[in-house]
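> Could you look at this predicted model? Sequence included:
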Amino acid sequence: MSIKTANDKTISEAASLLKEGGLVAFPTETVYGLGANALDGKAVARIFEAKGRPQFNPLIVHVSDVDQAKELVVFNEWAEIAAHHFWPGPLTLILPRKDDCPVNELVSAGLDTIAVRVPSHPVALKLLKAAGVPVAAPSANISGTLSPTTPAHVSEGLGDKVDMILAAGACDVGLESTVLDLSGNTPVILRPGAITAEELSRVLECDVIVDDGNSDKPKSPGMILKHYAPSIPLRMNAIDLEPGEALLAFGSDQFMGIKGVGAAKDLPEAQRRNLSIEGDLNEAAANLFAMLRALDSPEYNGIAVMAIPDQGLGVAINDRLRRATKGSG
Ligand code: AMP
Ligand code: MG
């Protein structure tokens, strides 16, 4: 890992690293972010690996301007007003992903919405412009530790897990961005942050609900973040298939059988996916949501998933699969 003072040369180096699938820590006006190319699932999986996150929670996608945001998500009138008024700045908008949105599904943990924001830190903006790709970035710290507001915090926490730290002193706000969900009938703050409910309500000229998941009585039932789960039953640690099940394999599925019918390898292409033939957890994480979605069809009785080792990224993969076996949530 190298810590480099941000200037035109190091910013362009960082942009190249991002495009090649590297991890770059960079300053935003809120905290230092741990960035990866949002179009590259394996790069995004490295974020979770580096942070040691035991769960796949959706990440914020950083873009350089409103036009780039509009390539990814569908804007509505509130989004137009909020973006016009608060971007670049510490406001994250949750909006429906476009049908042809190229962002890897791991970024949004399989949800059909994406969190987007244009940061105002000049280094972040230059980096995003130079990279030319949307950049997924949570805070650049080990999961469960304090958010980093200086390059030293980042290197103490993540060390060699990050390819480069673009250093530009301490962040101004130190508070995280406000996460505003504009995908429903009412604007809802999912995470309070640098921009307040009062400011948002004044600018949007409507009520803004705060639902950060902490109150036992949600102010707006049904609007809490739901995790993606397939609509057909999911079975983990499968060693063979029931007739009619689709297969989500990990590693070789050469010897998987279908009870009383034959071999899994003879299933039609559409009924069978492999998270990683080589048994690579990083590749499996990158493929997880898209493959679950591909197999989630009423044609099948369910999805049988082969065992995935409960280590490294496997912990987060198994966490998500376990939730999916229970329906959603
Ligand atoms: P962090 O990674 O620490 O910056 O936090 C990102 C925040 O954005 C978390 O509170 C996520 O739950 C939230 N978030 C990101 N994407 C979505 C989404 N599509 N729907 C709801 N919340 C989201
Ligand atoms: Mg964080």
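Perfect, I can see it now. Residues are numbered from 1 along each chain as shown. Ligands and ions are numbered 1, 2, ... in the order given.

> Is it correct that E29 is in contact with P122?
No - if you go by CB atoms under 8 Å, E29 and P122 don't touch, sitting 9.4 Å apart. Every residue, glycine included, has its C-beta placed from N, CA and C.

> Have a look at those two and say which one is more surrounded.
Shown here are E29 and P122; by other CB atoms under 10 Å, E29 has more neighbours (20 against 14).

> what secondary structure does the more buried one sit in?
coil (DSSP: H, G, I helix; E, B strand; the rest coil).

> Next to ligand 1 in this structure, residues from this protein, please.
57-60, 94, 108, 111, 113-115, 138-139, 176, 179, 190-191, 225 (CB under 6 Å from any ligand atom).

> mind listing what D212 touches?
Applying CB atoms under 8 Å, 6 or more residues apart in numbering, we find D212 in contact with I189, L190, R191, P192.

> next one: D67
Per CB under 8 Å, 6+ apart, neighbours of D67: none.

> give me phi/psi at the nearest residue to N301 once chain neighbours are set aside?
Distances taken as CB to CB, 6 or more residues apart in numbering put G244 closest to N301, at 3.8 Å, once the chain neighbours are dropped. Note on G244: backbone dihedrals following degrees, to the nearest 10 are phi 90, psi -10.

> was I right about G244 contacting Y300?
Yes - here G244 reaches Y300: they are 6.2 Å apart, a contact under CB under 8 Å.

> higher neighbour count, those two?
Remark: of G244 and Y300, Y300 carries more neighbours, 18 against 12, as counted by other CB under 10 Å.

> I'd assumed S231 was in contact with that one.
No - using CB under 8 Å as the test, Y300 is too far from S231 to be in contact (10.6 Å).

> for the chain, which spans come out with low pLDDT?
174, 214-226, 327-329 (pLDDT under 70).

> any idea which residue of it is furthest from its center?
Distance from the centre of the chain peaks at G260, with 40.2 Å (CA atoms, centre = their mean).

> Check the burial of the nearest residue to it once chain neighbours are set aside by counting its neighbours.
Distances taken as CB to CB, 6+ apart put P243 closest to G260, at 7.0 Å, once the chain neighbours are dropped. Look at P243: counted by other CB under 10 Å, it has 10 neighbours.

> what does P54 give?
Neighbours of P54 using other CB under 10 Å come to 13.

> On the three-state scheme, it is what?
The local conformation at P54, judged by three-state DSSP, is coil.

> ok, now which ones touch it?
Residues in contact with P54 (CB under 8 Å, 6+ apart) are S143, V315, A316, D319.

> circling back to that earlier point, the residue nearest to G260 reaches G262, doesn't it?
No - P243 is beyond contact range of G262, at 9.6 Å (criterion: CB under 8 Å).

> Just the buried residues of the residues of the chain next to ligand 1.
Buried by 16 or more other CB atoms under 10 Å: 58-60, 94, 108, 111, 113-115, 138-139, 176, 179, 190-191, 225, out of the residues of the chain next to ligand 1.

> if I pick L190, what's in contact with it?
Here L190 is in contact with I94, V179, L180, D181, D211, D212, G213, L225 (criterion: CB under 8 Å, 6+ apart).

> give the contact list for D240.
M256, G257, I258, K259, A264.

> Including neighbour count, could those residues go into JSON lines?
As requested, those are exported to JSON lines (neighbours: other CB atoms under 10 Å):
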{"residue": "M256", "neighbour count": "19"}
{"residue": "G257", "neighbour count": "13"}
{"residue": "I258", "neighbour count": "19"}
{"residue": "K259", "neighbour count": "10"}
{"residue": "A264", "neighbour count": "23"}
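
> All the helices of the stretch 101-250 of the chain, in order from the start?
122-131, 151-158, 197-204 (DSSP state H, counting those that start in this stretch).

> Same list (these) but as a markdown table, adding distance to T5.
Formatted as a markdown table, the helices of the stretch 101-250 of the chain follow (distance: least, CB to CB, whole Å):
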| stretch | distance to T5 |
| --- | --- |
| helix 122-131 | 10 |
| helix 151-158 | 9 |
| helix 197-204 | 34 |
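
> I'd like to know which of the ones you listed is closest to L281.
helix 151-158 (18.8 Å; CB to CB).

> how about the CA coordinates for the closest one, as CSV?
Extracted as CSV, the C-alpha positions of helix 151-158 are listed here (Å, rounded to 0.1, in the frame of the first residue of the first chain):
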residue,chain,number,x,y,z
PRO,A,151,-5.1,9.2,5.9
ALA,A,152,-3.4,7.9,9.1
HIS,A,153,-6.7,6.4,10.3
VAL,A,154,-7.1,4.6,7.0
SER,A,155,-3.6,3.1,7.0
GLU,A,156,-3.8,2.1,10.7
GLY,A,157,-7.1,0.3,10.0
LEU,A,158,-6.7,-1.2,6.6
